[in-house]
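**Q** Quick one, what's the 3D model for this:
(chains A, B and C)
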Amino acid sequence: MTSEHIGHEMQRLIAELYPICRSITGNGFRETLKILRRHVPLEMHEVPSGTQVFDWTVPKEWNIRDAYVKNSKGERVIDFQKSSLHVLNYSIPVKAKMSLSELKTHLFSLPEHPDWVPYRTSYYAERWGFCVSHNQLLSLSDGEYEVCIDSTLQDGHLTYGELYLPGQSRDEILFSCHTCHPSLANDNLSGVALATFLAKHLSGVTRRFSCRFLFIPGTIGSITWLSRNESKVVNIKHGLVITCVGDAGPSTYKKSRRGNAEIDRAVAHVLKHSGQPFEILDFSPYGYDERQYCSPGFDLPVGCFMRTPNGCYLEYHSSADNLEFVKPASLADSFAKCVAVHDLLERNKTYTSVNPKCEPQLGRRGLYQTIGGQRDVRQFELAMLWVLNLSDGSRSLLDIAERAGLAFGLINQAADALLTHGLLKEAA
Amino acid sequence: MTSEHIGHEMQRLIAELYPICRSITGNGFRETLKILRRHVPLEMHEVPSGTQVFDWTVPKEWNIRDAYVKNSKGERVIDFQKSSLHVLNYSIPVKAKMSLSELKTHLFSLPEHPDWVPYRTSYYAERWGFCVSHNQLLSLSDGEYEVCIDSTLQDGHLTYGELYLPGQSRDEILFSCHTCHPSLANDNLSGVALATFLAKHLSGVTRRFSCRFLFIPGTIGSITWLSRNESKVVNIKHGLVITCVGDAGPSTYKKSRRGNAEIDRAVAHVLKHSGQPFEILDFSPYGYDERQYCSPGFDLPVGCFMRTPNGCYLEYHSSADNLEFVKPASLADSFAKCVAVHDLLERNKTYTSVNPKCEPQLGRRGLYQTIGGQRDVRQFELAMLWVLNLSDGSRSLLDIAERAGLAFGLINQAADALLTHGLLKEAA
Amino acid sequence: MTSEHIGHEMQRLIAELYPICRSITGNGFRETLKILRRHVPLEMHEVPSGTQVFDWTVPKEWNIRDAYVKNSKGERVIDFQKSSLHVLNYSIPVKAKMSLSELKTHLFSLPEHPDWVPYRTSYYAERWGFCVSHNQLLSLSDGEYEVCIDSTLQDGHLTYGELYLPGQSRDEILFSCHTCHPSLANDNLSGVALATFLAKHLSGVTRRFSCRFLFIPGTIGSITWLSRNESKVVNIKHGLVITCVGDAGPSTYKKSRRGNAEIDRAVAHVLKHSGQPFEILDFSPYGYDERQYCSPGFDLPVGCFMRTPNGCYLEYHSSADNLEFVKPASLADSFAKCVAVHDLLERNKTYTSVNPKCEPQLGRRGLYQTIGGQRDVRQFELAMLWVLNLSDGSRSLLDIAERAGLAFGLINQAADALLTHGLLKEAA
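**A** Here you go, the predicted model:
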């Protein structure tokens, strides 16, 4: 699949998922996973409301059929059917008549962006409300309004999707994306689409590492998964939370709590050698599900792969994070970088030189130019010299690439050539 | 006491002490301590001349009643009664007549500042001399002069003052200031005044750490104290030499020999978050009594808290380091920073999160906003997340504040809130 | 010998060696060593062709008497007698007639520097060829040419020179220079001359460390020496490869693979305190014989001392690297810096203060000014204070000089004064 093609495929999936009213539980989440299962064979898990997961409790399941505010003429002046953002996510049911002033205590808007509808939630405190554009809010005239939220909040389940691709080793790479946002394209349908296409791609390649993909509700989902899978956590050697990967900004990587884990160095290497602008951020305990994976009791090597981070673009958590905000080229580029990171992790082995005392004679093996005295060494020869010089059983190819200042791919090619000629062996 | 008020109180104490002719021994030192005892209950210690203190010997005690140079008309052209600086500190007695040229071999002046009288000493080589302004020196005409220094240098005692404020722990914080300079206001009456008011302030607060205040003669005083108190040295966990804290320059901290001791990081943190210019200097073995506290056999975590360092202001060790040179606002600011450093040390504990696996649910405890989706996290919430994420029993609150880039006070407040809700416990 | 004088002496030796056609084996190498033996009593070693040295085999010995290309008029249009560079080094014998187009497949030139003759070799693949200026190449007209290379490539020996100067300790400093280049002045006759005069100089001084000088063919020479002397390698505590030390560029030091070995810090210190521009490069596994000394099975603390590095000056490996390209002043300066590095290594001892608790009283020993209160401490006094403060048995004088930011020479003088007064003792 060409890079251009995959960007458009991801965009198409995002467009299909966009109208669904997702939340941290409920049928919108299930419907989303069913669409993803057309691409990859996700397992769907259902965890009952009331289940204790560490310090948290799986909440009641929320579902919604309709919601509106009607004016005295019976016109829907706020209408959930037009956008899933219009209802405060997790609103309890309400059916009432009230004055404008009372209604206003339940309305959320963004005065600084008067045309945009904000995205707001109230998962853990029972409330109802509507989100509207500020212009819409200002246009409401005095009078009586009929308010209806036809939702249910009842014992049910928390749903999440999981795909495990076994590799040669039980050691695994975790890819996690929150899948609980309603009609928001970059945060986080872009991450959902990338994870889906990455899973599809990795299904078809030989894998040293096993790979695990999680499609979960934010916060409560990762807490639930960690709580139910504590024994598997030890296998997670590398991990990425994938989110906000479709906007036009440069790639951004937020490091794991450890700060110098192999995943941190692998992503940094790929970004540095991409020839494109990028940013590396230190870990902080605010953001996405890396907060849970990097809590002190787990401290997993899981970073967060993004383009523009949460809260750093104006359109964040509003109706302006829409289908036009995500770009096929950005999606494709984010996808390619994730593939490159996976590829680097797969190939990042540690070798020992078979001839540690002095260089082996590369020339007689056809690995080195036989005319001496020329001004410059060839990059490939230099890469071989670096691999031979540093392969003492304690340094991985990524260590060598970093020290040499050369791209991992070139170092890896050099190591392959040396392996072919019996000059390296894998370190014990 | 308001900040403005305390600056003026310190200034008043400095003015009271200024005229006294102090030296490393003698009645000037005793008189100074007696004045300080009106503020804080200092113990006065007397160590006999001839006592061996490590490689040094406590010197003979020096006292002076009068000193002058009279011209042939009997006029006092140099007069100790006008300034204690006029006599070379520790001058042996002399009573003689001599020509101008002979007299000049005993005169010290500052040609580059012709109106200022220098401060010079000769503690360990027996000499006599006078310090004069260069203009004064130039105005002396040929003729015979009568020279009189009515001093004594005899077996006696070295005196120092000490105040020990017991805390909950035997671990202690040392505050040390040299108290041996005669009429010099910034170096070091400013330090004497700050230490006095800090001792007074700390007497009235609950203390985890014990506090020890030393008012000692420079060099020989700290050597004497260390020699007589070797068994107590192990209790000193943090320490500051306090000097030159009244001039208009920015706060300066010279780190301990260790360079990354908790006191070094505490002072640096307070200065960085003060919103004012400051300077941090690496340790060097020249300066004040930190030279002795940081000698390799002790290597105590003792830094030096100053404004403009010794030798870095023109007025240093001259009559221009006078009462106008020290500013109440600077004194008050230096005082406030020392209080903040003490406070930080007191509160800098290490905790363990009670819920290390995933975040605890702050929302249901009223510690987190219940409306989700908003653009920015609140600083206080972020501080709580940092404390929870890093409190794994190995990091102090200062470690956390440094890594989070947040002020210690905010981190400490967050920890207090988490403690109140049973989410943290003190690390063993 | 004055600095100016030694530069001219080195230049004279280079001029004497310049015309000889050296290679990695053969009589040119032997003739070169014989000339060096007029200065220092080198041992000459002969290693038979076919000897296995790690992954390599000592090659056949190459010798050459004459080589030329004659045009149809019988004129020598390319003539080895004019420059040893004209023949591809290690060319097999040839005697043939051929067309210009066939001849051209054996010619090497530098189109970007049309007046310069390149230096090219083919040690490990049997070939013949000529090196010519590009203008010379272009001036050849069609017609038949007579080609003659009167060389031999037969079983014989690899020759190298070695000088061992025993010191008080078996620990040794290695100085190595490749001696295999024909008529090239900077690379590496400058290194050969510097090593020769350094050996002569060090023969006449008291030595703590033993010194070993190697005059070897590049690559195969260091591999051969290491292979035959594995048991001695453990004694090598410091080492320098010396090359390209005569051009007008600034001094450059390429660090050993370890990067922070004492030799790396010693050279960096000398260069920083030289008052001249310089450059420090990280290790890379391309360059000179440090490639072998720093191979992972040896990892010796051997760096490379140069002026402009290999490949970084236009004249590199061409006839323009001639006698005018090396400057007596540069040679003398490089020599002086090597002497200073050796001197630093010799004096870089570790001491323990006899009075670790507080400063010893320097004044009564005449080591400190007795008039106190002056603005500035003297540099020598400050150096003594640094040595006393940091001499706790774990820090060498170089460690102290680096931390103090003072020149090693001053720190060393201070240590000597303290030793004389019994205030330091050598650390166990």
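**Q** so what's the residue in the stretch 151-300 of chain A positioned nearest to chain C up against?
**A** Nearest to chain C, among the residues of the stretch 151-300 of chain A, is A:K272, at 17.4 Å (Cβ to the nearest Cβ). For glycine as for every other residue, the C-beta is placed from the backbone atoms N, C-alpha and C. Applying Cβ atoms under 8 Å, 6 or more residues apart in numbering or on different chains to A:K272 gives the contacts A:F278.
**Q** what about A:H157, neighbour count?
**A** Residues lying near A:H157 (other Cβ atoms under 10 Å in any protein chain shown) number 19.
**Q** my bad, should have said A:R12
**A** Number of residues near A:R12 (other Cβ under 10 Å) recorded here: 12.
**Q** cool, and the one 3 residues further on?
**A** For A:A15, the count of nearby residues is 14 (other Cβ under 10 Å).
**Q** Contacts only, for the closest residue to A:R265 other than its chain neighbours.
**A** Distances taken as Cβ to Cβ, 6 or more residues apart in numbering or on different chains put A:L398 closest to A:R265, at 6.0 Å, once the chain neighbours are dropped. Contacts for A:L398 were tallied using Cβ under 8 Å, 6+ apart; they are A:E262, A:R265, A:A266, A:H269, A:L344, A:N348, A:F408.
**Q** Is the fourth one located within a strand, as I assumed?
**A** Read that as A:H269. No. Per DSSP: H, G, I helix; E, B strand; the rest coil, A:H269 lies outside any strand segment and is helix.
**Q** ok, now which ones touch the residue nearest to the spatial centre of chain A?
**A** When Cα atoms, centre = their mean is applied to chain A, the residue found nearest the centroid is A:I242 (1.1 Å). Listed by Cβ under 8 Å, 6+ apart, the contact set of A:I242 reads A:F175, A:S176, A:C177, A:G191, A:L194, A:A195, A:L198, A:C304, A:F305, A:C338.
**Q** if I pick the second one, what's in contact with it?
**A** So the one you mean is A:S176. Per Cβ under 8 Å, 6+ apart, neighbours of A:S176: A:A195, A:F213, A:L214, A:I216, A:S222, A:G239, A:L240, A:V241, A:I242, A:D289, A:Y293, A:V302.
**Q** Get me the contact residues on the stretch 301-428 of chain A for chain C.
**A** A:353, A:355-361, A:363-364, A:370-377, A:382, A:385-386, A:388-392, A:404 (Cβ under 8 Å from any Cβ of the partner chain).
**Q** Can I get the buried part of the residues you listed as one PyMOL selection?
**A** Buried subset of these, written as a PyMOL selection, criterion 16 or more other Cβ atoms under 10 Å in any protein chain shown:
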select buried, chain A and resi 353+355+356+357+358+359+360+361+363+372+373+377+382+385+386+388+389+390+391+392+404
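**Q** Now, the residues of the stretch 301-428 of chain A next to chain C that are in helices?
**A** Among those, the members found in helices (DSSP state H) are A:L382, A:L385, A:W386, A:L388, A:N389, A:L390, A:A404.
**Q** quick one on the thing from earlier: for the residue nearest to the residue nearest to the centre of chain A when sequence neighbours are not counted, grab the count of nearby residues.
**A** Of all residues not flanking A:I242 in the chain, A:G191 sits nearest, at 4.3 Å (Cβ to Cβ, 6+ apart). By the criterion of other Cβ under 10 Å, A:G191 has 29 neighbours.
**Q** what's the helix or strand for A:G191?
**A** Using DSSP states H and E, A:G191 maps to helix A:191-203.
**Q** Let me know how buried A:H181 is, in neighbour terms.
**A** Neighbour count for A:H181, taken as other Cβ under 10 Å: 27.
**Q** before we move on, back to that, tell me which of the contacts of A:L398 fall in strands.
**A** Judged by DSSP state E, the subset of the contacts of A:L398 located in strands is empty.
**Q** Which pair of those spans the longest distance?
**A** Between any two of those, the greatest separation by Cβ to Cβ is 12.0 Å, found for A:E262 and A:F408.
**Q** So between those two, which is more surrounded?
**A** Shown here are A:E262 and A:F408; by other Cβ under 10 Å, A:F408 has more neighbours (22 against 18).
**Q** quick one, the longest helix anywhere in chain A and helix A:191-203 angle?
**A** Ranked by residue count under DSSP H, the longest helix found in chain A is helix A:328-347. For helix A:328-347 against helix A:191-203, the angle by axes from the mean of the first three to the mean of the last three Cα atoms, to 10 degrees is 40 degrees.
**Q** CA atoms only for helix A:328-347, dumped as PDB, please.
**A** The C-alpha coordinates for helix A:328-347 follow below in PDB (Å, rounded to 0.1, in the frame of the first residue of the first chain):
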ATOM      1  CA  PRO A 328      -4.200  12.200   4.900                       C
ATOM      2  CA  ALA A 329      -0.600  13.200   4.500                       C
ATOM      3  CA  SER A 330      -0.100  13.700   8.300                       C
ATOM      4  CA  LEU A 331      -1.900  10.400   9.000                       C
ATOM      5  CA  ALA A 332       0.300   8.600   6.500                       C
ATOM      6  CA  ASP A 333       3.500  10.200   7.900                       C
ATOM      7  CA  SER A 334       2.500   9.300  11.500                       C
ATOM      8  CA  PHE A 335       1.800   5.700  10.300                       C
ATOM      9  CA  ALA A 336       5.200   5.500   8.600                       C
ATOM     10  CA  LYS A 337       7.000   6.700  11.700                       C
ATOM     11  CA  CYS A 338       5.300   4.100  13.900                       C
ATOM     12  CA  VAL A 339       6.300   1.400  11.400                       C
ATOM     13  CA  ALA A 340       9.900   2.700  11.500                       C
ATOM     14  CA  VAL A 341       9.900   2.600  15.300                       C
ATOM     15  CA  HIS A 342       8.600  -0.900  15.300                       C
ATOM     16  CA  ASP A 343      11.100  -1.900  12.700                       C
ATOM     17  CA  LEU A 344      13.900  -0.400  14.800                       C
ATOM     18  CA  LEU A 345      12.800  -2.200  17.900                       C
ATOM     19  CA  GLU A 346      12.700  -5.500  16.000                       C
ATOM     20  CA  ARG A 347      16.200  -5.100  14.600                       C
END
